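>>> Everything below, folded, please.
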Amino acid sequence: MDRATRTTAGKPALRAEVRAARRRLDDDERCGLDAAVAAAALAEGSPLVALAPGAVVALYDSLPTEPGTRGLRAALAARGVVVLLPVVVGDAPLAWEVDGVDSAAGSGSRPEGLEGAAVVLLPALAVDRSGTRLGQGGGHYDRTLALLPPEGAPERPWLAAVVREPELLPAGALPREPHDVLVDAALTPAGWTRLR
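From the prediction side, this is the model:
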């Protein structure tokens with residue numbers, strides 16, 4: 001994705017470009033991404049390593065073309081971290097349920113929103129270094145993140161977009177709209193990058 005394309009193309013064109021690149025990955029590459037995301041997410045110095053058992057992390061069940069989250073979900077559950085997964089309910093903000101992957105935390109129970117979450121790992125097609133995230137286009141996360149406490153509030157979770165390295169773009173590379181909530185970090189198979 002060259003810089004001229006990113007700055008002049010609208011979000012639909014950007015989404016199509018990233019989706020096409022992801023579809024070109026084979027099954028071995030996808031499996032490798034899943035393992036690499038889990039390893040990077042829990043590497044020394046990661047914000048997830050310091051979480052105590054019972055801490056809450058919101059994640060998502062990755063689509064086949066997304067950097068995989070199954071390995072990370074299982075690793076977090078093995079550490080005693082409660083993993084929340086999103087549930088789409090029409091056009092409403094996302095509902096959440098406790099993940100059942102290797103979890104004794106009560107699969108299927110419904111917590112109230114993201115209250116108490118320490119970290120929210122977001123699906124993304126791309127993210128730029130100024131914190132602008134390019135989502136799938138349904139607006140579910142935009143409506144959900146708009147309900148979080150304001151930036152700087154102690155109860156606000158840390159927001160991180162999960163992407164591949166080519167999808168971590170220079171600051172200002174993505175179009176930003178007034179409803180876009182900025183993220184704090186990017187998680188790639190190579191590791192964490194603080195944004196902004």
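
>>> neighbours around L85, how many?
20 (other CB atoms under 10 Å). No exception for glycine: its C-beta is placed from N, CA and C like everyone else's.

>>> same question but for P67, I mixed them up
25.

>>> Could you do the one 10 residues further on as well?
When counting by other CB under 10 Å, one arrives at 21 neighbours for A77.

>>> and it, backbone torsions?
Taking degrees, to the nearest 10, you get phi -60, psi -40 for the backbone angles of A77.

>>> Okay, buried residues for stretch 82-91 please.
Residues of stretch 82-91 classed as buried: V82, V83, L84, L85, P86 (neighbour count, 16 or more other CB atoms under 10 Å).

>>> For the second one, identify the helix or strand it belongs to.
When you say that, I think you mean V83. When secondary structure is defined by DSSP states H and E, V83 falls within strand 82-87.

>>> how many other residues sit next to the closest residue to L169 other than its chain neighbours?
Closest residue in space to L169, ignoring its immediate chain neighbours: D128 at 4.3 Å, by CB to CB, 6 or more residues apart in numbering. The burial metric for D128, expressed as a neighbour count using other CB under 10 Å, is 25.

>>> looking at it, D128 is touching A171, isn't it?
Yes. At 5.7 Å, D128 counts as touching A171 under the criterion of CB atoms under 8 Å.

>>> residue contacts, the residue nearest to L169?
For D128, the contacting residues are L168, L169, P170, A171, G172, A173, L174, L195, by CB atoms under 8 Å, 6 or more residues apart in numbering.

>>> where's it relative to L134, distance?
8 Å (CB to CB, to the nearest Å).

>>> do the same with G80
Counting by CB to CB - G80 and L134 are separated by 33 Å.

>>> ok, now R79?
From R79 to L134 the distance is 30 Å (CB to CB).

>>> Settle it for me: which of these two has more neighbours?
L134 (24 against 15).

>>> Torsion angles phi and psi at A13?
phi -70, psi -40.

>>> same thing with the one 3 residues further on?
The phi and psi values for A16, taken as degrees, to the nearest 10, are phi -60, psi -40.

>>> mind checking pLDDT for it?
For A16, the model assigns a pLDDT of 92.

>>> Burial check on it, number of neighbours?
A16: 12 surrounding residues under other CB under 10 Å.

>>> try the one 3 residues further on
Around R19 sit 12 other residues, with neighbours defined as other CB under 10 Å.

>>> tell me the contacts of it?
With contact taken as CB under 8 Å, 6+ apart, R19 is in contact with T65, L125.

>>> So it: helix, strand or coil?
Using DSSP: H, G, I helix; E, B strand; the rest coil, the secondary structure recorded for R19 is helix.

>>> Fine by me, thanks again.
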